[in-house]
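> Below are the sequence and a predicted model for it; my questions follow.
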Amino acid sequence: MQVSNVYNNLRFSYDWLKNIETPAFIYDEVAIERLLDLGNQVREQSSCKVLFSLKPFSFYDALAKMAPRLDGFAVSSLFEARLASQIIGSGSVHITTPGIRSEETAEIGTICNFISFNSLPQWDLYHEELKVQLSCGLRVNPQLSFVDDQRYDPCRPYSKLGVPLADLVTVATRDPERLSGVEGIHVHSNCESTDFTELRTTVMHLHDELGNLLQRVKWINLGGGYLIGDSKDLTPFYEAVEFLRANYGLQVFIEPGSAFIQSAGYIVSTVLDVYQSGYANIAVLDTTVNHMPEVFEYGYEPDVVGHDNDAAFEYILAGCTCLAGDVFGEYGFDRPLKVGERIVFYNVGAYTLSKAHMFNGVNLPAIYALTEAGDLVLKQRFTYDDFAAKWGANARINH
């Protein structure tokens, strides 16, 4: 396999990989720092505040190292809020979720600093209770779609995410008192985009349709969905932030998730079996698409170290569960794969650990940190007890 150049970029040697247990998830602390450097540049050049969204990645030790470089965390549930509040220190915790439970509001008020209600009915129910402790805002669906696949589109028709802009304009015009106490606006209108002109378009659309309300609020959260490090031109972003600051005096937040972790994560697996099925060569790995659920959910084909479309030896890389669709894709290598060989997926830092599960009883990846010193440090290992506890077996055995 052609691995040397890629492994140099990953900062660890192929020989080291032979000594770790697989499947393994590795996050690279230096890569995360480099991505956070981009966030710091954005902060300095735009004066916006930078949050990290816990949705794609929530591993405690990594978050603790990230926290000093951030202005806070963005969360989508009470459990995420608890985790963020354990780590954050002097930063702030921002929550928006489609489903607030009445029994959770007291704790949310204690551990969060900002809340964006997902709907007007939830605003009506809870903002009086929470406004004493939190800065309360509304999530707005700007009704501008930039994403072709509706499964990813926050602004899809009949979206559950946010107050439709047209509805909010109607309420602001006919019943402005209903919005008394709104201090902020949250808008998230994209997914893994590198084109910040779309964000600028969204901001100008809010200006045209919701200018009167923007005059009354204190902050705006522009959400995530943009890959800062992959964008060729951040100028439209800076223009959008400056427009909001100059015309409305707003504090602007952004909350990247994938942008700060996607290229910093790897999954290392071992070839368990190699055989022919019809005209295809199959290589079964000790990992599974259940460790990278977006492969199965959205047809995402992950990058593999050593893959070459023109290579002579082609394989279907398959997971080790009994699910027929447990397949990563077709990959080419410069020599035959053998049982026991390591296969490394890269650019898989986001939505792997946070969505991974133990279908078929296949264990979750062990978690390693690639430290700044270049060492691979085991951070967490999962065992049968984790699997058994989920299904109540431990309780019965210990009873």
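Noted; the coordinates are in hand.

> Tell me where the stretch 251-399 of the chain has strands.
251-254, 265-277, 280-285, 303-304, 313-318, 327-333, 342-346, 366-370, 376-380 (DSSP state E, counting those that start in this stretch).

> Tell me which of those sits most buried.
Greatest average neighbour count among those goes to strand 342-346 (a mean of 23), per mean count of other Cβ atoms under 10 Å. C-beta: built from backbone N, CA, C; applies to glycine.

> State the mean pLDDT of that one.
In this model, strand 342-346 has an average pLDDT of 95.

> Paired strands for it, with orientation please.
Strand 342-346 pairs in its sheet with strand 265-277 (antiparallel), strand 303-304 (antiparallel), by DSSP bridges.

> Out of the strands of the stretch 251-399 of the chain, flag the one nearest Val295.
For Val295, the closest of the strands of the stretch 251-399 of the chain is strand 327-333, at 6.0 Å, according to Cβ to Cβ.

> Go ahead and name everything in contact with the closest one.
1-2, 285, 289, 292, 295, 301-302, 304, 306-319, 345 (Cβ atoms under 8 Å, 6 or more residues apart in numbering).

> if we go to 6 Å?
1, 295, 301, 304, 306-309, 311, 313-318 (Cβ atoms under 6 Å, 6 or more residues apart in numbering).

> Least confident of those?
Met1 (30).

> separation between Arg245 and Arg139?
Distance of Arg245 to Arg139, given as Cβ to Cβ, to the nearest Å: 21 Å.

> more crowded one of those two?
Arg139 (25 against 16; other Cβ atoms under 10 Å).

> Surely that one touches Thr96?
Yes - the criterion here is Cβ atoms under 6 Å, and Arg139 meets it with Thr96 at 5.1 Å.

> what do those two both touch?
Contacts common to Arg139 and Thr96, judged by Cβ under 6 Å, 6+ apart, are Ser116, His186.

> just to revisit the earlier point, switch the strands paired with strand 342-346 over to a markdown table; also include distance to Leu353.
Listed next are these as a markdown table, based on distance: least, Cβ to Cβ, whole Å:
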| stretch | distance to Leu353 |
| --- | --- |
| strand 265-277 | 8 |
| strand 303-304 | 17 |
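
> Contacts only, for Ser263.
So Ser263 contacts Asn347 (Cβ under 6 Å, 6+ apart).

> How about Gln262?
Gln262 touches Asn347, Gly349, Ala350, counting by Cβ under 6 Å, 6+ apart.

> between the residues you listed, which has the most around it?
The most crowded member of the contacts of Gln262, judged by other Cβ under 10 Å, is Gly349 (26 neighbours).

> Disregarding flanking residues, what is the spatial nearest neighbour of that residue?
Gly265 (2.5 Å; Cβ to Cβ, 6 or more residues apart in numbering).

> can you pull the contacts of that neighbour?
Tyr27, Val348, Gly349.

> Can you tell me which of these comes closest to Tyr279?
Minimum separation from Tyr279 among those (Cβ to Cβ) is found for Val348, which lies at 28.7 Å.

> Determine the set of other helices and strands touching the helix or strand harbouring Tyr27.
Secondary structure assignment for Tyr27, by DSSP states H and E: strand 24-28. Judged by 3 or more Cβ pairs under 6 Å, 6 or more residues apart in numbering; DSSP states H and E, strand 24-28 is in contact with strand 265-277, strand 366-370.

> Note down every partner strand of the last one and its orientation.
For strand 366-370, the paired strands and their directions (DSSP bridges) read strand 24-28 (parallel), strand 376-380 (antiparallel).

> A strand includes Leu51, no?
Yes - counting by DSSP: H, G, I helix; E, B strand; the rest coil, Leu51 is located in a strand.

> Going by neighbour count, which residues of stretch 47-64 are buried?
The neighbour-count check on stretch 47-64 (16 or more other Cβ atoms under 10 Å) flags 48-59, 62-63 as buried.

> Now render these as TSV, adding distance to Cys191.
Below are these laid out as TSV (distance: Cβ to Cβ, whole Å):
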residue	distance to Cys191
Cys48	20
Lys49	22
Val50	19
Leu51	17
Phe52	17
Ser53	12
Leu54	17
Lys55	12
Pro56	11
Phe57	16
Ser58	19
Phe59	22
Ala62	23
Leu63	22
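
> Not including adjacent chain positions, what is the nearest residue to Arg156?
Gln150 (4.4 Å).

> The closest residue in space to Gln215 that isn't next to it in sequence and Leu213, how far apart?
Distances taken as Cβ to Cβ, 6+ apart place Tyr248 nearest to Gln215, at 6.3 Å, with adjacent residues excluded. Separation of Tyr248 from Leu213 (Cβ to Cβ): 10 Å.

> before we move on, the earlier item: just confirm the residue nearest to Arg156 contacts Pro157, I think it does.
No - with contact defined as Cβ under 6 Å, Gln150 does not reach Pro157; the gap is 7.7 Å.

> need the contact list for the most centrally placed residue in the chain.
In the chain, the residue lying closest to the centroid (Cα atoms, centre = their mean) is Pro56, at 2.5 Å. With contact taken as Cβ under 6 Å, 6+ apart, Pro56 is in contact with Gly257, Ser258, Ile261, Ala350, Tyr351, Ser354.

> Repeat that for Ser53.
Ala74, Gly224, Glu255, Gly257.

> 10 Å instead?
73-76, 80, 94, 188, 223-225, 254-261, 350 (Cβ atoms under 10 Å, 6 or more residues apart in numbering).

> where does the stretch 1-150 of the chain dip in pLDDT?
Scanning the stretch 1-150 of the chain for pLDDT under 70 picks out 1-15.

> So which residues of it form helices?
Counting by DSSP state H, counting those that start in this stretch, the stretch 1-150 of the chain has helices at residues 4-10, 14-17, 29-46, 60-66, 78-87, 105-111, 120-130.

> Could you check the angle the longest one makes with strand 265-277?
Orientation note: helix 29-46 sits at an angle of 130 degrees relative to strand 265-277 (axes from the mean of the first three to the mean of the last three Cα atoms, to 10 degrees).
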